[in-house]
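Novice: With the sequence up front, the predicted model follows.
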Amino acid sequence: MARVAARPRHRGSGLTPEDVAAVTHFDIAVIGSGSGNTMLDKRFRDTKTAILEEGTFGGTCLNVGCIPTKMFVYGADVARTIESAATFGVDARRDGVRWPDIVSRVFGRVDPLSEAGEHQRDVLHSNVALFRGHARFVGPRRLDTGTGEVITADQVVVAAGSRPIVPEVVRSAGVRYYTNDDIMRIPELPGHLVILGGGFVAAEFAHVFSALGCRVTVVVRGEKLLRHLDRDVSARFTEIARERWDVRTSRTVAAVREDAGGVALTLDDGAQVTGDALLVATGRVPNGDRLDAAAGGIELAPDGRIVVDEYQRTTAEGVYALGDVSSAYQLKHVSNHEARVVALNLLQHAWADPSVLTAADHRFVPAAVFTAPQIASVGMTETQARASGLDVAVHIRQYSDVAYGWAMEDTEGFCKVIAERGTGRLLGAHVLGAQASTVIQPLVQAMSFGLDARTMATGQYWIHPALTEVVENALLGLDL
Ligand SMILES: Cc1cc2nc3c(=O)[nH]c(=O)nc-3n(C[C@H](O)[C@H](O)[C@H](O)COP(=O)(O)OP(=O)(O)OC[C@H]3O[C@@H](n4cnc5c(N)ncnc54)[C@H](O)[C@@H]3O)c2cc1C
Ligand SMILES: NC(=O)c1ccc[n+]([C@@H]2O[C@H](COP(=O)([O-])OP(=O)(O)OC[C@H]3O[C@@H](n4cnc5c(N)ncnc54)[C@H](O)[C@@H]3O)[C@@H](O)[C@H]2O)c1
């Protein structure tokens, strides 16, 4: 394999001027430096690789997604802890919130990681050439790198992610609005933040900004927040949210305009909502539509996702896709999993031979919303389980039913488990409450390894008095 960068570099890539004169051929070209970059571990150190990235190195999770949001969420949780401290006989007061320091803490840690990742690929890894531009296909496994250079590769990985959807009514209004891309660097805390959307991003940022002292209004077109989750979860969460935020459900936005340095929304019922800043959190669209995918022989589904099979193969020979650009799940642990699958398949060099390829496992994909309280889920909702025609048993246990939840004086949390009657096969689990993202993990494990509800409940010790007793009790309560 030819090493790329033991020679003088060209325009910040690992290419020499001679490489550039001709179309340079790579073993592997990867579009996107998020999960596509982390996929390239030491097994690829002798592989002549191109990474094509138009934005900030490291992608969504590191720069504008999971990592910074959870750092803000942690600070928000600390602020909320102070608010409830008196219940436990601890008098504490929040004297203030230093927004610039909060932002610096987060990005003072995140930005260097992005820079270090880029430096590693661009300078230290001699087998890698980094092209900083907008990539698009100009033929089968032939890419315009957006830097004036065209490259070809034996194998291509499309890991181009997704971007926020901004409804036309907002886009065409010409008002200043924020998305997850920039709200975390807003210069000062808005007195009143208006959030459009009621999904994951809205729920997490509503928690962050309200805990830090902002008034929050959430405008959502559905009847409930987080309406794709189990109905008991979304109903309980919507009730809790209404106590903390001004929540306008079943509403769309008719008009948006500037208002006294902020924004004014006219809702479809004529109501006016004004605020100092507007955050748009109305979903994300895969970036496959910006790749000239057809030129590369790559088919897109009607919803914009790149079509892949269970081996993450696209419709173009030698081209794999992973993560938000192709996945039904816009979650980092899913893109990480798919990246591991693609890595294995790239190393096989056996496109046409599924017998040696690895398939992705999307059977039991968990998700967590890091709001207050946390929410986590895996498997079917109760509605889905009942619609499946299976004989279904459902049981809900409150956090306050177990010792730790009782000690916490919790009034909100619960664990809901859904199983098939007779076999005890676990079909779904939904947790709302403190540390839900951790509490649910034993259920993810049980489902993944085929452990039935009864065996899971009775075949192991459950630490007393840990919060996980709520899972044990929910399982024991199932009428199987
Ligand atoms: C606010 C927020 C919070 C989130 N929190 C969580 C969480 O807590 N847990 C969780 O599991 N998931 C979370 N997610 C989802 C998670 O961030 C994504 O599922 C994951 O990062 C997707 O990874 P990816 O590699 O597919 O895409 P990305 O990381 O987005 O990488 C794609 C890269 O491709 C580049 N690119 C795109 N098109 C081109 C092109 N034509 N040419 C060159 N480069 C291109 C982009 O600039 C980008 O850097 C969150 C998302 C958001 C928005
Ligand atoms: N903790 C996590 O894992 C995490 C956190 C944030 C984001 N994410 C991922 O990113 C994805 C995108 O998040 P998101 O919250 O932007 O999308 P989402 O799909 O979770 O929610 C979109 C929300 O916007 C509403 N909506 C859509 N159009 C609207 C309109 N015109 N007016 C009013 N409401 C409208 C929808 O009804 C829905 O409530 C998530 O689905 C998730 O996969 C994950």
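Specialist: Received the coordinates, thanks. All values derive from a computational prediction rather than experimental measurement. Ligands and ions are numbered 1, 2, ... in the order given.
Novice: CA atoms for contacts and neighbours, from now on please.
Specialist: OK.
Novice: Can you show me the strands along the stretch 301-450 of the chain?
Specialist: 319-321, 367-369, 375-379, 392-398, 414-420, 426-432 (DSSP state E, counting those that start in this stretch).
Novice: Can you tell me which of these is nearest to residue 360?
Specialist: For these, proximity to residue 360 was assessed by C-alpha to C-alpha; strand 319-321 is nearest, at 11.8 Å.
Novice: distance of residue 368 from residue 436?
Specialist: 8 Å (C-alpha to C-alpha, to the nearest Å).
Novice: should've said residue 250
Specialist: 27 Å.
Novice: Which of the two has more residues huddled nearby?
Specialist: residue 436 (24 against 14; other C-alpha atoms under 10 Å).
Novice: and the stretch 251-400 of the chain, which residues reach ligand 2?
Specialist: 252, 281, 282, 283, 284, 329, 330, 331, 367, 368, 369, 370 (C-alpha under 6 Å from any ligand atom).
Novice: Can you tell me which of those residues are buried?
Specialist: Applying 16 or more other C-alpha atoms under 10 Å to these, the neighbour count classes 252, 281, 282, 283, 329, 330, 331, 367, 368, 369, 370 as buried.
Novice: residue contacts, the nearest residue to the second one once chain neighbours are set aside?
Specialist: It refers to residue 281. Closest residue to residue 281 apart from its sequence neighbours, by C-alpha to C-alpha, 6 or more residues apart in numbering: residue 197 at 4.9 Å. Residue 197 makes contacts with 218, 219, 220, 221, 280, 281, 282, 283, as judged by C-alpha atoms under 8 Å, 6 or more residues apart in numbering.
Novice: Could you do residue 428 as well?
Specialist: 377, 378, 379, 380, 381, 382, 385, 417, 418, 419.
Novice: mind redoing it with 7 Å?
Specialist: 378, 379, 380, 381, 417, 418, 419 (C-alpha atoms under 7 Å, 6 or more residues apart in numbering).
Novice: and the gap between the residue in the stretch 351-480 of the chain that ligand 2 sits nearest to and residue 342?
Specialist: As assessed by C-alpha to the nearest ligand atom, ligand 2 sits closest to residue 369 within the stretch 351-480 of the chain, at 4.2 Å. Distance, residue 369 to residue 342, by C-alpha to C-alpha: 27 Å.
Novice: re earlier: which of the contacts of residue 197 fall in strands?
Specialist: 218, 219, 280 (DSSP state E).
Novice: out of those residues, which one sits closest to ligand 2?
Specialist: Checking those one by one against ligand 2 (C-alpha to the nearest ligand atom), the nearest turns out to be residue 219, at 6.0 Å.
Novice: Tell me the bridge partners for the closest one.
Specialist: residue 196, residue 248 (DSSP bridges).
Novice: I'd say it and residue 246 touch.
Specialist: No. Between residue 219 and residue 246 there is no contact, the gap being 8.5 Å when judged by C-alpha atoms under 7 Å.
Novice: Look at the two and report which has more neighbours.
Specialist: Between residue 219 and residue 246, residue 219 has the larger neighbour count (other C-alpha under 10 Å), namely 25 against 14.
Novice: for that one, what are its contacts?
Specialist: Contacts of residue 219 (C-alpha under 7 Å, 6+ apart): 195, 196, 197, 247, 248, 249, 251.
Novice: partner residues bridging the closest residue to residue 432 other than its chain neighbours?
Specialist: Among residues not flanking residue 432 along the chain, residue 375 sits closest, at 4.4 Å (C-alpha to C-alpha, 6+ apart). Under DSSP bridges, the beta-bridge partners of residue 375 are residue 369, residue 432.
Novice: and residue 375, what does it touch?
Specialist: With C-alpha under 7 Å, 6+ apart, residue 375 has these contacts: 368, 369, 431, 432, 433, 436, 437.
Novice: ok, now residue 53?
Specialist: 31, 32, 33, 131, 132, 133, 134.
Novice: Return only those of these found close to ligand 1.
Specialist: Among the contacts of residue 53, ligand 1 is touched by 31, 32, 33, 133, 134 when using C-alpha under 6 Å from any ligand atom.
Novice: Which of these fall within strands?
Specialist: Per DSSP E, those map to strands at residue 31.
Novice: tell me which of the ones next to ligand 1 among the contacts of residue 53 is nearest to residue 400?
Specialist: When the ones next to ligand 1 among the contacts of residue 53 are compared against residue 400 (criterion: C-alpha to C-alpha), the nearest one is residue 33, at 44.2 Å.
Novice: Look up the closest residue to that closest one, ignoring the ones flanking it.
Specialist: Computed as C-alpha to C-alpha, 6+ apart, the closest residue to residue 33 that is not its neighbour in sequence is residue 58, at 5.1 Å.
Novice: what's around the one you found, how many residues?
Specialist: Count around residue 58 with other C-alpha under 10 Å applied: 25.
Novice: Please look at it and residue 34 and confirm they touch.
Specialist: Yes. Residue 58 is within contact range of residue 34, at 4.6 Å (criterion: C-alpha under 7 Å).
Novice: quick revisit: pLDDT score for the residue nearest to residue 432?
Specialist: At residue 375 the predicted local distance difference test score is 99.
Novice: what does the stretch 101-250 of the chain put close to ligand 2?
Specialist: 167, 196-202, 219-222, 225-226.
Novice: if you set the cut-off to 8 Å instead, what comes out?
Specialist: Neighbours of ligand 2 within the stretch 101-250 of the chain, by C-alpha under 8 Å from any ligand atom: 164-167, 196-204, 219-222, 224-227.
Novice: Straight-line length of stretch 310-318, end to end?
Specialist: Using C-alpha to C-alpha, first and last residues of stretch 310-318 are 15 Å apart.
Novice: Return the residues in contact with the closest residue to ligand 2 within the stretch 301-450 of the chain.
Specialist: The minimum distance from the stretch 301-450 of the chain to ligand 2, using C-alpha to the nearest ligand atom, falls at residue 330 (3.8 Å). Contact partners of residue 330, counting by C-alpha under 7 Å, 6+ apart, are 323, 324.
Novice: Kind regards, and thank you for your time.
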